[in-house]
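1. The following comprises the amino acid sequence and a computationally predicted model.
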Amino acid sequence: MKPRIALIAHDKKKDDMIAFAGEYRDFLAGCNLVATGTTGSRLINELGLAVECMHSGPFGGDLQIGARLVTGEIDCVIFLRDPMTPQPHEPDINALVRACDVHDVACATNVSTARLVLGRLISTNRETTA
Ligand SMILES: O=C(CO)COP(=O)(O)O
């Protein structure tokens, strides 16, 4: 089964997300991707990835992704949060990260961790497809 990955980035982290996803583009192109609205649009327009877009984060996108995660439809979350800027939907963000912890789903909140998580998924994928 293709890895099911959620990609989310706050505004000041979106360029980092595009650079990161660009680096892993070949692998991500073989995954089922879901993203919050604006992050997803950029991934589609700038990298040509196929991404299912939820609502934008402040309009409930984090909660939509959280609901999928709770029903076992997401294998890992890459959530590049902006720790320096208060967000109007902070409760939604906390709910998503909490859902990851409750359901033991990998949640990378910075690029270094995201690299480790994708590196692991790539090697697991190689083993299962070899
Ligand atoms: O706010 C976000 C996550 O909390 C991200 O939402 P967008 O991708 O729509 O900007």
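-> Received the coordinates, thanks.
2. Next, count neighbours for residue 129.
-> When neighbours are defined as other Cβ atoms under 10 Å, residue 129 has 7 of them. All C-beta atoms are positioned from the backbone trio N, CA, C, and that covers glycine.
3. That one: what's it in contact with?
-> Contacts for residue 129 (Cβ atoms under 8 Å, 6 or more residues apart in numbering) come out as none.
4. Return the distance of it relative to residue 3.
-> 11 Å (Cβ to Cβ, to the nearest Å).
5. give me every residue that touches residue 6.
-> Contacts for residue 6 were tallied using Cβ under 8 Å, 6+ apart; they are 33, 34, 35, 65, 68, 69, 74, 76, 77, 78, 79.
6. mind checking which helix or strand the first one is in?
-> Under the criterion of DSSP states H and E, residue 33 resides in strand 32-35.
7. what's whichever residue of the chain sits closest to the ligand sitting at in phi/psi?
-> Of all residues in the chain, residue 57 sits closest to the ligand, at 2.1 Å by Cβ to the nearest ligand atom. Dihedral pair for residue 57: phi -50, psi -50, per degrees, to the nearest 10.
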